[in-house]
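1. just need the structure, nothing else, for what follows:
(2 chains)
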Protein chains: 2
Amino acid sequence: MKNIDVCLTPDLLHQYELENKIVVVVDILRATSCMVSGLANGVKEIVPVATLEECKALQETGYLAAAERNGSKAEGFDMGNSPFEYMDEKVQGKKVAVTTTNGTLAISKSLKAKEVLIGAFLNLEAVTNYLKNKEEDIIVLCAGWKGKFNLEDTLFAGALCHQLKSDFQFACDAPLAAEAMYLTARKDMIKYMEDSSHAKRLAKLNVKKDISYCIQESIYDVVPYLSGKALVALTT
Amino acid sequence: MKNIDVCLTPDLLHQYELENKIVVVVDILRATSCMVSGLANGVKEIVPVATLEECKALQETGYLAAAERNGSKAEGFDMGNSPFEYMDEKVQGKKVAVTTTNGTLAISKSLKAKEVLIGAFLNLEAVTNYLKNKEEDIIVLCAGWKGKFNLEDTLFAGALCHQLKSDFQFACDAPLAAEAMYLTARKDMIKYMEDSSHAKRLAKLNVKKDISYCIQESIYDVVPYLSGKALVALTT
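-> Next up is the predicted model:
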């Protein structure tokens, strides 16, 4: 039977074979939530890059440039890392280059996979439906925080494993643990998330509105997937 | 306030500063459960070593030699990795050298810490009581399985964090997640554990009896701690 596994942080990615697998990258607060929101709201494509310099270089060729470091917008860029910026009228039909502390780095580490998809609570059902009938094994890659385990990405991984458990078997203990955490947390996700270290970090930056937004389940039908260097929308 | 953190596998240990901290090494199935059982039942000292060769060399100087690889006893050694072997009459008053797939490796990676202790469900309360009034920060190091996250070590980490949460604050999301898993699992630990990959691995080796034994809480008052190269019993 095909299987699903969870890589709890990019620092553990060396333990996984990506070849011929589908990787779902997740960075709930907030990179992948932004990507889903942007592509669902008319952004043409999103190019994830690892460094501020690469992002700047694309800005000079006409991309809107979004850059976040340590939770805040980096100086000299058009956008930061709030999903609301990705829904603004000014980004409709535009190409966006983006670099963030964790999410874009996780994507750049996934390039050996057969397919790279972007997951968030916002498109949980769409990702589930897309994956359900796939024959490949799946790895959910949690972006974490600077290599460390985080709660919100693991909760999403657990949600996705839970959705897919009749079609994919759990490859090891990480899917099992993530699912258990999700089943405990989903009764009151906001309360559960408020204790997380990244939510606390963001709360200091006045982005509570972003957090409430990012934990909404399945409000968009879009599955961002990596085509060449750009994320584009696969509408299911 | 002093804090407690959880390192989910030795492969993430580079993210943690060990200096001046107390590390609690945990490998529930079965290395640290064996160590607690042995020292509680009259073993004089236990010297953890990383390789079969080092273990053999100590055997030649008069140590009883315990060696496990991939769940089974390695050939040519006196003991494997079952806690019941550590309670046998023949080990009373003896010095034991031990090498295992995960647990002894985790210990050897912890040597920069101010103190290295051994934790297991079997001595949960004793470890808790010892740590409660300590001034140092604590890191619970889960031995995992060949660098991968595992369920049972994380459950113990969660149990210890839960016991200590009025005295230590959680340093990041890992203690939070581990505690949530423990609180979910403790209602029916056996059932929960049966799904874990390592329990399945061991079930094939006919060691179900070991598993039921290892998840008993607080049946021994002993805290094994590293003194020089040997683990000795601190009786609380």
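
2. and stretch A:41-54, how far apart are its ends?
-> 25 Å (CA to CA, to the nearest Å).

3. close to chain B, is the helix or strand bottoming out on mean pLDDT in chain A?
-> Least confident helix or strand of chain A, by mean pLDDT, DSSP states H and E, is helix A:197-204 with a mean of 71. Yes - part of helix A:197-204 sits near chain B under the criterion CB under 8 Å from any CB of the partner chain, namely A:197-198. Placement of C-beta: from N, CA and C, glycine included.

4. check which element follows that helix along the chain.
-> Sequence order places helix A:208-214 as the next helix or strand after helix A:197-204, per DSSP states H and E.

5. how about that next one and chain B, touching?
-> No - figure legend: helix A:208-214 not in contact with chain B (CB under 8 Å from any CB); closest approach 14.3 Å.

6. which residues are in contact with that helix?
-> With CB atoms under 8 Å, 6 or more residues apart in numbering or on different chains as the test, helix A:208-214 has contacts from A:28-30, A:33, A:82-84, A:120-122, A:152, A:190, A:193, A:199, A:202-203.

7. what sits up against the helix or strand just after it?
-> Following helix A:208-214 in sequence order, the next helix or strand is strand A:222-227 (DSSP H and E). Contact with strand A:222-227 is made by A:32, A:35-36, A:39-40, A:46, A:107, A:110-111, A:115-118, A:123, A:126-127, A:130, A:231-236, as judged by CB under 8 Å, 6+ apart.

8. which ones, among those, also lie beside chain B?
-> Within these, nothing lies near chain B by CB under 8 Å from any CB.

9. filter the residues you listed down to just the ones in helices.
-> A:32, A:35-36, A:39-40, A:107, A:126-127, A:130 (DSSP state H).

10. could I get those residues in a markdown table, plus columns for distance to A:F156 and pLDDT?
-> Below are those laid out as a markdown table (distance: CB to CB, whole Å; pLDDT from 0 to 100):
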| residue | distance to A:F156 | pLDDT |
| --- | --- | --- |
| A:T32 | 9 | 97 |
| A:M35 | 13 | 98 |
| A:V36 | 11 | 98 |
| A:L39 | 17 | 97 |
| A:A40 | 17 | 96 |
| A:I107 | 15 | 96 |
| A:A126 | 13 | 97 |
| A:V127 | 10 | 98 |
| A:Y130 | 15 | 97 |
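
11. among the contacts of helix A:208-214, who's most crowded?
-> A:A120 (34 neighbours; other CB atoms under 10 Å in any protein chain shown).

12. give me the neighbour count for A:K21.
-> Quick note: A:K21 (other CB under 10 Å) scores 22 neighbours.

13. quick check on the closest residue in space to it that isn't next to it in sequence: phi, psi?
-> Counting by CB to CB, 6 or more residues apart in numbering or on different chains, A:K21 lies nearest to A:D137, which is 4.9 Å off, once chain neighbours are set aside. Main-chain dihedrals, A:D137, degrees, to the nearest 10: phi -70, psi 150.

14. do the one 5 residues further on as well
-> When read as degrees, to the nearest 10, the backbone of A:C142 gives phi -80, psi 130.

15. bridged to it, which residues?
-> A:V26 (DSSP bridges).

16. contacting residues around it?
-> Taking CB under 8 Å, 6+ apart, we find A:C142 in contact with A:6-9, A:26-27, A:106, A:149-150, A:153-154, A:156-157.

17. among those residues, name the ones in strands.
-> A:6-7, A:26 (DSSP state E).

18. give me the buried entries from the residues you listed.
-> A:6-7, A:26 (16 or more other CB atoms under 10 Å in any protein chain shown).

19. save those residues as TSV, and put in distance to B:E179 and pLDDT too.
-> Output for those, formatted as TSV (distance: CB to CB, whole Å; pLDDT from 0 to 100):
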residue	distance to B:E179	pLDDT
A:V6	19	98
A:C7	22	98
A:V26	22	98
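
20. in stretch A:135-147, what counts as buried?
-> In stretch A:135-147, counting by 16+ other CB under 10 Å, buried: A:136-145.

21. could you export the least confident helix or strand of chain A as PDB, CA atoms only?
-> In PDB, the C-alpha atoms belonging to helix A:197-204 read as follows (Å, rounded to 0.1, in the frame of the first residue of the first chain):
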ATOM      1  CA  SER A 197       5.800  29.700  20.300                       C
ATOM      2  CA  HIS A 198       5.300  31.100  16.800                       C
ATOM      3  CA  ALA A 199       1.900  32.400  17.600                       C
ATOM      4  CA  LYS A 200       3.400  34.200  20.600                       C
ATOM      5  CA  ARG A 201       6.200  35.500  18.400                       C
ATOM      6  CA  LEU A 202       3.700  36.800  15.900                       C
ATOM      7  CA  ALA A 203       1.300  38.200  18.500                       C
ATOM      8  CA  LYS A 204       4.100  40.600  19.500                       C
END
